[in-house]
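> Sequence plus the predicted model coming up.
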Amino acid sequence: MSLAATMTLPARADGPSKDAFVQSVLHDPDAPVAGNPNGDVTIVAFLDYNCPFCRRSTPELDRFIASDPGVRVVYKDWPILAASSVLEAKVALASKYQGKYVQAHDALMAIKLRPATPEAVKAAVRAAGIDVDRLNKDLAAHDTDVTALLQRTLSQADAMHLQGTPVFLIGPYIKAQELDFAGFRQSVADARAKQRGGSPVGGEPSIPAQGK
């Protein structure tokens, strides 16, 4: 399924608004990025830490990133399932300020409780090597920026009518489902094949003209 087929953007929006939306999804400067920042295919991952499908997909995605040096991954923390999802998203994003977003992300996805408790969240990030004292300071100091990023992600998901987690935008395709290593590999191969046939450079989604 193409991203274009699922996206409804505001009526009477002009070209710059469309371009701004594409940039906000793919290149938000505050969104955590993994893999090759100049990769030829971008995977945008909309995830919730209390989502069992996200939890199962995360180590598969990690393994795939390690195997493919041409992939860029943009993480979109989208906390929609429980109150602790918001806490976990904020903790992960605050961990970015000490350069440990991915470590926090993976640790939170590995929590077995559903929904996760604050105690489990704290234990998970501490075990992942996160400086909890610094984390608490960053949570307080950067709360406005982190909250704004979460709101932007929510707005993007709403604009694309996403129904739940996980959702992976892979090149010009959308995969609203759990994926394993083979699924990521095939989806990225499909995206590369599509690019060779004339899709946007850099694996960027084809987004329709707005106002339609």
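Cool, the structure landed. Residues are numbered from 1 along each chain as shown.

> What are the buried residues along stretch 183-201?
Gly183, Phe184, Arg185, Ser187, Val188, Ala191, Arg192, Lys194, Gln195, Ser199 (16 or more other CB atoms under 10 Å). Any C-beta I mention is one placed from the backbone N, CA and C, and that applies to glycine too.

> One more: stretch 41-60?
So for stretch 41-60, counting by 16+ other CB under 10 Å, buried means 41-51, 54-55, 57-58, 60.

> next one: stretch 164-175
Neighbour-count burial for stretch 164-175 [16+ other CB under 10 Å]: Thr165, Pro166, Val167, Phe168, Leu169, Ile170, Gly171, Pro172, Tyr173, Ile174, Lys175.

> And for stretch 97-116?
Across stretch 97-116, burial judged by 16+ other CB under 10 Å covers 97-98, 100-109, 111, 115-116.

> which residues touch stretch 56-65?
Stretch 56-65 is contacted from outside by 34-35, 43, 45, 47, 71, 73, 105-106, 109-110, 166, 168, 178-181, 183-185, 188, using CB atoms under 8 Å, 6 or more residues apart in numbering.

> Let's see that with 6 Å instead.
Defining contact as CB atoms under 6 Å, 6 or more residues apart in numbering, one finds that stretch 56-65 is touched by Gly35, Val71, Val73, Met109, Pro166, Glu178, Leu179, Asp180, Phe181, Phe184.

> For Cys54, what is the enclosing helix or strand?
Assigned by DSSP states H and E, Cys54 belongs to helix 52-67.

> for Pro115, same thing?
Here Pro115 is assigned to no helix or strand, by DSSP H and E.

> do you know how far it is from Leu47?
15 Å (CB to CB, to the nearest Å).

> pretty sure His105 contacts Ala94?
No - in this structure, His105 is not within contact of Ala94 by CB atoms under 6 Å, at 11.7 Å.

> What's the separation between the nearest residue to Asp131 once chain neighbours are set aside and Leu47?
Among residues not flanking Asp131 along the chain, Gln98 sits closest, at 6.0 Å (CB to CB, 6 or more residues apart in numbering). For Gln98, the distance to Leu47 (CB to CB) stands at 21 Å.

> now do Ser85
10 Å.

> and what of Val41?
To Leu47, Val41 is 18 Å away according to CB to CB.

> out of the buried residues of stretch 41-60, who's nearest Leu149?
Lowest distance from Leu149 to the buried residues of stretch 41-60 (CB to CB) belongs to Phe46, with 13.1 Å.

> Make sure I have this right: that closest one is in a helix.
No - assigned with DSSP: H, G, I helix; E, B strand; the rest coil, Phe46 falls outside any helix and is strand.

> Which pLDDT value belongs to it?
What the model reports for Phe46 is a pLDDT of 98.

> again, but for the one 5 residues further on
The model reports Cys51 with a pLDDT of 98.

> I'd like the distance between it and Thr117.
Distance from Cys51 to Thr117, by CB to CB: 16 Å.

> same question, Gly99
Counting by CB to CB, the separation of Gly99 from Thr117 is 26 Å.

> Thanks again, I'm all set now.
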